[in-house]
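[1] need coordinates for the below:
(one chain, ligands or ions: 2)
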Amino acid sequence: MTANEIRESFKKFFEQKQHAIVPSAPMVIKDDPTLMFTNAGMNQWKDIILGTRDPEPRRRADTQKCLRVSGKHNDLEEVGHDTYHHTMFEMLGNWSFGDYFKEGAIDMAWEYLVDVLKLNPEDLYVTVFEGSPEENIPRDDEAAKYWAKHVPEDHIINGNKHDNFWEMGDTGPCGPCSEIHVDSRTPEQKAASGKTGRELVNQDDPQVIEIWNLVFMQFNRKADGSLEKLSMNVIDTGMGFERLVRMMQGKHSNYDTDVFQPIIKAEQDITGLKYFTFEEETETPISKDQDNINVAMRVCADHLRAVAFSIADGQLPSNAKAGYVIRRILRRAVRYAYTFLGQKDGFLYKLVPTLVHEMGDAFPELKAQQQLITKVIKEEEDSFLRTLDKGIGMLDKAMEEMKSKEEKELNGEQAFRLFDTYGFPLDLTELICRENGFTVNEEQFNVEMQKQKERARNAAAVENSDWVELKAGEQKFVGYDYSEYECEILRYRKVTQKKNEFYEIVLTATPFYGEMGGQVGDQGVLVSENETIEVIDSKRENGQTVHIVKQLPKDLTAAFMACVDTDKRDASAANHTATHLLDYALKQVLGDHVEQKGSFVSPDTLRFDFSHFEKVSDEQLREVERMVNDMIRQDLPRDEHRDMPMEEAKKLGAIALFGEKYGDKVRVMRFGPSCELCGGIHATSTGRIGFFKILSESSVAAGIRRIEATTGKDCEERLYQMEDILKNIKSFFNNAKDLQGVIQKYIDEHDAMKKQIEGFQAQAVERAAQRLVEKARIMNGVKVVAGVVPMSPAGAKDLAFKIRAAVEGSLLCVIGSHDNNKPQLSIMMSDDMVSDHGLNAGQMVREAAKLIQGGGGGQPHFAQAGGKNVDGLSAAIDKVVELANL
Ligand code: ATP
Ligand code: MG
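    Numbering: from 1, shown residues only. Ligands and ions are numbered 1, 2, ... in the order given. Predicted coordinates for the structure are as follows:
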């Protein structure tokens, strides 16, 4: 079976078992401060499991794009070195929210693997939780009983808390789990090892690996560490797709399957190097160099997928947060390609067509954004390769120095600087050093690394206290219909961040729109009979609005009126609606390739990032503005559909964003021809926007442009400011009617006068030169031209050169000039004064400038110095003549 067929068979199997087949959530998570990337199938169901979202339909299944490169699950360093961990992989999963439990999950998993896919049951082993006496949790005999229906006892293995007890976090849902492991050794390997598959489970044997984990959530862990029964049992399973494909295709490495082979083939074609598959490797043992090539090819094939999918999901490489994680993955690939595949120029971007060809059908976002993905990867590669070059230059210099000092070890601080500034990990520095006969002080490096980690930790430290629950229940969001609403406090907690303290409050019902989808959170107040509490911000977490307040109400159980600051909200709403119109107009003017890549909407301003490959011209911008303002004047009414089935929305032509998570029911926001899926707060009609004006258009990254614009009141204010400036300028010109003409005339006159003044100055220099040369003394055969003149520093330099050109033979010329009460000393000499008399103008000017309280320098035959004391000029001139010692 091909990989695509296997993916389809999984969906079909669970569909037949009454599961709703749902799309993968985006890999990049936008609205959860605790998690940057989806790292398991259950992430998108977190709020159902926590009880804040409707669990219907209770059976679901999907294939989820996951990325495990940060936080709790970080497999990055393994990737490429082993053959079964990836950064990005697909996790096949099925869920039951309060429907079937352990028996159903175990039976279905078995039926799928053995009856449908025909994996050999003799190679399958399962684990069950051994229990934890100190926590008073017994062994999971229940799971063991159901497994015993399918496998002999000696295929059931007890596992410890680390492997077989799953927890969502320090608190919250948790429970035992059962993993299914596959012994994929060849008969020869089995015979040679003398060990049973059972003995190798969870022993990091690359041929005996876990493929499916079935989690049975049945407990809730409270803040004091104790467990209580969960109100709804949950089944959460995750199976590594690439590992399953490998088992199905009888391979011994994920990279030997049709998921990766086409990419690896493209790598071989480009580099002219060969990749050895598991079989080939077994036949002919490979050298260390060839192993490095193998690892590098795996790294690049894997990382290409992670980076391309992230870009398609809207996360570009950058220098902060999620963007930085993506940049690091990409750089890791570049390093391997550079070091082991001999790729000194961009390489990964050349693999994009193959990736899109292989995966573009299952993941249309790749196909749709191929051009952007290619462009971004190429640009990142180019810029990192330049950095690599610089880093290697720095390392070369360091090694040069060590050689001259006869040292053998690069100090750790330097190695760390290479890491920190040039992205050189220790192993690369060590590799280059080793090749040149040096070592690296690893201990020092680690000390520096530790120091930096501590700095980062201190800077980011946020401390959350436990939630204090005042009432049970979920929060109701009423913000689409109300800006004021009666409520009580459900729960609150204290948060400390960099010594700042504030509180987060969740209400029974709220009109506050928490920051989401680029629109800033509402501000406002909570009012009770006796007090008013200011809400300084609101954000969205697990589907709920969290209100941020500086201080808690005295009476926490009072009834409150939650009141949104409607001035600010209306301004934000107008800006948000304007953003939709802008998106529409850009597509009309520039073309359908325009995709939203980010947006920010606040009461004051709006910002819109989109894919487009060149600067938007002034004419195009004007056209966009006209189109938007036209739609504003038409006062198009807001046409909002809540809970519209996704299919219907698509028929309406609603624009969905790549990398955005949508449920089956969506909210559609329509203003005339503009139609988007959106959860934001919008103006009741486009007329409310008032007016729309673009402030700037710029580039934010390869292939991404940014427009900043403003609307309504802010536009009005800007108009007044511009008018005032214009009025002032007019008044400078006696309120001339033809202002442009008058200013042009003024500029022309100014230019002409400037020319005239330059002419006068040249004449003055000419006259001064004549006068000084006439007065010259001859000392010992040397013409000494000296004197004080009022002149600018540039004029004095001119003068000195004029004199040198006018005088034949040996010359010492010393000019003291002053301009705006600033003295300047200039020395000019003929070449023989330097070569025959051994004089140096630079040295002489430094010495003599002391008399004008200044300093300077220059060349041997010409030097200048500025100073403070004009009265010292004559003495300074005498000093120079004296120093010449003629
Ligand atoms: P392992 O011990 O092999 O790292 P895990 O315990 O981290 O696996 P789970 O968190 O239970 O795995 O994830 C469920 C399934 O997802 C695993 O059974 C495995 O098939 C797959 N999986 C986990 N991590 C990766 C990865 N980095 N690359 C590919 N597949 C993975
Ligand atoms: Mg793992």
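
[2] run through the residues of the chain sitting next to ligand 1.
    Counting by Cβ under 6 Å from any ligand atom, the residues of the chain close to ligand 1 are 68, 75, 85-86, 89, 91, 209-213, 238-240, 242-243. Backbone N, C-alpha and C define where each C-beta goes, glycine included.

[3] what two of those are the furthest from one another?
    Asp75 and Trp212 (17.2 Å; Cβ to Cβ).

[4] okay, the two: which has more neighbours?
    Each of Asp75 and Trp212 has its neighbours counted (other Cβ atoms under 10 Å); Trp212 has more, 23 against 16.

[5] bridged to that one, which residues?
    Bridge pairing for Trp212 (DSSP bridges) gives the partners Ile180, Met239.

[6] follow-up on the earlier one: just the residues of the chain next to ligand 1 now: which is nearest Ala148?
    Trp212 (18.0 Å).

[7] kindly provide the distance from the most centrally placed residue in the chain to ligand 1.
    Closest residue to the average C-alpha location of the chain: Gly323 at 1.8 Å, with Cα atoms, centre = their mean. Gly323 sits 21 Å away from ligand 1, taking Cβ to the nearest ligand atom, to the nearest Å as the criterion.

[8] what are the phi and psi values at that residue?
    When read as degrees, to the nearest 10, the backbone of Gly323 gives phi -60, psi -30.

[9] give me the nearest residue to whichever residue of the stretch 451-600 of the chain sits closest to ligand 1, chain neighbours excluded.
    Here the stretch 451-600 of the chain gets closest to ligand 1 at one residue, Asn542, 21.1 Å apart by Cβ to the nearest ligand atom. If the residues on either side of it in the chain are set aside, Asn542 comes closest to Asp47, at 4.8 Å by Cβ to Cβ, 6 or more residues apart in numbering.

[10] what is the neighbour count of the one you found?
    Asp47 has 16 nearby residues by other Cβ under 10 Å.

[11] just the local confidence number for it, please.
    The score at Asp47 is 86. That number is its pLDDT.

[12] one more: Lys499?
    Turning to Lys499, the model gives it a pLDDT of 76.

[13] and it, how far from Asp466?
    Lys499 sits at a distance of 20 Å from Asp466 (criterion: Cβ to Cβ, to the nearest Å).

[14] ok so, going back, correct me if wrong: the residue of the stretch 451-600 of the chain closest to ligand 1 contacts Ile48.
    No - with contact defined as Cβ atoms under 8 Å, Asn542 does not reach Ile48; the gap is 10.1 Å.

[15] more crowded one of those two?
    Between Asn542 and Ile48, Ile48 has the larger neighbour count (other Cβ under 10 Å), namely 21 against 16.

[16] quick one, what contacts the more buried one?
    Residues counted as contacts of Ile48 (Cβ atoms under 8 Å, 6 or more residues apart in numbering) are 54-55, 97.

[17] which stretch of helix or strand covers it?
    Using DSSP states H and E, Ile48 sits within helix 46-49.

[18] also Lys145?
    Per DSSP H and E: Lys145 is located in helix 141-148.

[19] so which bits of that helix are buried?
    142-144, 146-147 (16 or more other Cβ atoms under 10 Å).

[20] distance of Lys11 from Gly659?
    22 Å.

[21] so for those two, which residue has more residues nearby?
    Neighbour totals were compared for Lys11 and Gly659, and Gly659 leads with 21 against 16 (other Cβ under 10 Å).

[22] isn't the more buried one up against Val28?
    Yes - between Gly659 and Val28 there is a contact under Cβ under 8 Å: 5.7 Å.

[23] now do the contacts for the residue nearest to the centre of the chain.
    Contacts of Gly323 (Cβ under 8 Å, 6+ apart): 315-317.

[24] quick one: low-confidence ranges for this structure?
    Within the chain, the stretches with pLDDT under 70 are 459-460.

[25] in it, what residue comes closest to ligand 1?
    Closest approach of the chain to ligand 1 (Cβ to the nearest ligand atom) occurs at Gly240, with a separation of 2.5 Å.

[26] run a quick neighbour tally on that residue.
    Gly240 has 23 neighbouring residues, counting by other Cβ under 10 Å.

[27] how about it, what does it touch?
    Counting by Cβ under 8 Å, 6+ apart, Gly240 makes contact with 84, 89-92, 210-212.

[28] Asp427 - how many residues pack around it?
    Here the count is done by other Cβ under 10 Å, and Asp427 has 12 residues near it.

[29] host element of it?
    helix 426-435.

[30] give me the sheet partners of the helix or strand just after that helix and which way each runs.
    Later in the chain than helix 426-435, the nearest helix or strand by DSSP H and E is strand 439-440. Within its sheet, strand 439-440 is paired with strand 409-410 (parallel), according to DSSP bridges.

[31] what's the partner strand in contact with?
    Defining contact as Cβ under 8 Å, 6+ apart, one finds that strand 409-410 is touched by 395, 398-399, 402, 429, 433, 438-441.

[32] for that strand, the distance to its chain's centre please.
    In terms of Cα atoms, centre = their mean, to the nearest Å, the centre of strand 409-410 is set 34 Å apart from its chain centre.

[33] repeat that for stretch 425-438.
    29 Å.

[34] for that stretch, buried residues please.
    Under 16+ other Cβ under 10 Å, the buried positions of stretch 425-438 are 425-426, 428-433, 438.

[35] with stretch 193-202 instead?
    Per 16+ other Cβ under 10 Å, stretch 193-202 contains these buried residues: 197, 200-202.

[36] again, but for stretch 528-535
    Within stretch 528-535, the residues that count as buried by 16+ other Cβ under 10 Å are 528, 533, 535.

[37] just checking, what packs against the helix or strand that contains the last one?
    Counting by DSSP H and E, the element that carries Val535 is strand 532-541. Under the contact criterion of 3 or more Cβ pairs under 8 Å, 6 or more residues apart in numbering; DSSP states H and E, the helices and strands touching strand 532-541 comprise strand 524-527, strand 544-549.

[38] ranking the ones you listed by burial, who's on top?
    Greatest average neighbour count among the helices and strands packed on strand 532-541 goes to strand 544-549 (a mean of 23), per mean count of other Cβ atoms under 10 Å.

[39] quick check: angle from the next helix or strand along the chain from it to strand 532-541?
    Downstream of strand 544-549, the next assigned helix or strand under DSSP H and E is strand 560-564. Counting by axes from the mean of the first three to the mean of the last three Cα atoms, to 10 degrees, strand 560-564 lies at 70 degrees to strand 532-541.

[40] let's have the chain start at 797 instead
    All right, first residue 797 from here; so that's strand 1356-1360.

[41] helices and strands around strand 1356-1360, which ones?
    strand 1280-1283, strand 1320-1323.

[42] strands paired with the last one, and their directions?
    Using DSSP bridges, the strands paired with strand 1320-1323 in its sheet are strand 1328-1337 (antiparallel), strand 1356-1360 (antiparallel).

[43] circling back: pull the CA atoms of the strand holding Val1331 into CSV?
    What follows is strand 1328-1337 as a C-alpha-only set of coordinates in CSV (Å, rounded to 0.1, in the frame of the first residue of the first chain):
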residue,chain,number,x,y,z
THR,A,1328,-15.6,49.8,39.8
ILE,A,1329,-12.7,47.7,38.7
GLU,A,1330,-10.8,48.6,35.6
VAL,A,1331,-10.2,45.8,33.0
ILE,A,1332,-6.9,46.8,31.4
ASP,A,1333,-6.9,44.1,28.8
SER,A,1334,-8.6,40.8,27.9
LYS,A,1335,-7.2,37.8,26.1
ARG,A,1336,-8.6,34.5,25.0
GLU,A,1337,-7.5,31.2,26.5
